[in-house]
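J.: Okay, sequence plus prediction incoming.
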Amino acid sequence: MSDYDYLIKLLALGDSGVGKTSFLHQYTDGTYSQFISTVGVDFREKRIVYQTNHGRSQRVYLQLWDTAGQERFRSLITGFLRGVMGFLLLFDVTNEQSFLEVRNWLDQLRTHAYCDDPDVILCGNKADMEDRRVISESRAKEMAAKYGLIYFETSALTGQNVTKAIEALLELIMRRMESTVDKAMLPAMKKKADDALNVQGDTSNGKPKCSC
């Protein structure tokens, strides 16, 4: 028997250099490290206990997938999106272009993810670099509101809101699972056998069906 109730895959997206790898490293290890650009796809992992609204404790095994932001890796990433339950979309508050690319990343998600309204948390990373900021918090919140996203100002260096952003994403995912009657509409994931829940993606038309 496995030592967890749910295996949930999360994916960090965003342009190269926005701090995705450092963000995930801060969450899993509680430390800051600078990394060279990710090549292709990599992942980190963490096991947590999630408290449901009914007071139950669920053991969750999180796989946090890290993606390369360079254009040449986009085709690799799009083929990977359908098996992911939730997305962390990062931009760099000191980089205008990374903010403008948020719309393109969202377009890719709505085309290639498990449904056209996947669970996404928008993060304005490098919020500790206030002296170099070019994207204001109010401007970022306007974009988040436009696309119906929750927004966090984050810092992989200080840890500001890193855990809160991932916890908020997990909360969205767990709520979706509870409210989705037909679990076949969700990406495949693992649940303990004695709960008799087997979730598989329906790809009969090339894209999983979803009621979201």
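T.: All right, it came through fine. Numbering: from 1, shown residues only.

J.: Could I get the average pLDDT for the one helix or strand K9 maps to?
T.: Using DSSP states H and E, K9 sits within strand 6-13. Confidence for strand 6-13, expressed as mean pLDDT, is 94.

J.: Identify the residues contacting that strand?
T.: 20, 23-24, 50, 58-67, 69, 77, 80-81, 83-90, 105, 109, 166, 169-170, 173, 187, 189-191 (Cβ atoms under 8 Å, 6 or more residues apart in numbering). To be clear about C-beta, it is placed using only N, CA and C from the backbone, and glycine gets the same treatment.

J.: Can you check which helix is longest in the protein?
T.: helix 162-179 (DSSP state H).

J.: Pull out the CA atoms of it and give them to me as PDB.
T.: Taking Å, rounded to 0.1, in the frame of the first residue of the first chain, the C-alpha atoms of helix 162-179 are listed here in PDB:
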ATOM      1  CA  VAL A 162       5.900  30.800  -2.100                       C
ATOM      2  CA  THR A 163       4.200  28.300   0.100                       C
ATOM      3  CA  LYS A 164       0.900  30.400   0.100                       C
ATOM      4  CA  ALA A 165       0.800  30.300  -3.700                       C
ATOM      5  CA  ILE A 166       1.200  26.500  -3.800                       C
ATOM      6  CA  GLU A 167      -1.300  26.000  -1.000                       C
ATOM      7  CA  ALA A 168      -3.800  28.100  -2.900                       C
ATOM      8  CA  LEU A 169      -3.300  26.100  -6.000                       C
ATOM      9  CA  LEU A 170      -3.700  22.800  -4.100                       C
ATOM     10  CA  GLU A 171      -6.900  24.200  -2.600                       C
ATOM     11  CA  LEU A 172      -8.400  24.900  -6.000                       C
ATOM     12  CA  ILE A 173      -7.500  21.400  -7.200                       C
ATOM     13  CA  MET A 174      -9.000  19.700  -4.200                       C
ATOM     14  CA  ARG A 175     -12.200  21.700  -4.500                       C
ATOM     15  CA  ARG A 176     -12.400  20.800  -8.200                       C
ATOM     16  CA  MET A 177     -12.000  17.100  -7.400                       C
ATOM     17  CA  GLU A 178     -14.700  17.300  -4.700                       C
ATOM     18  CA  SER A 179     -17.200  19.100  -7.000                       C
END
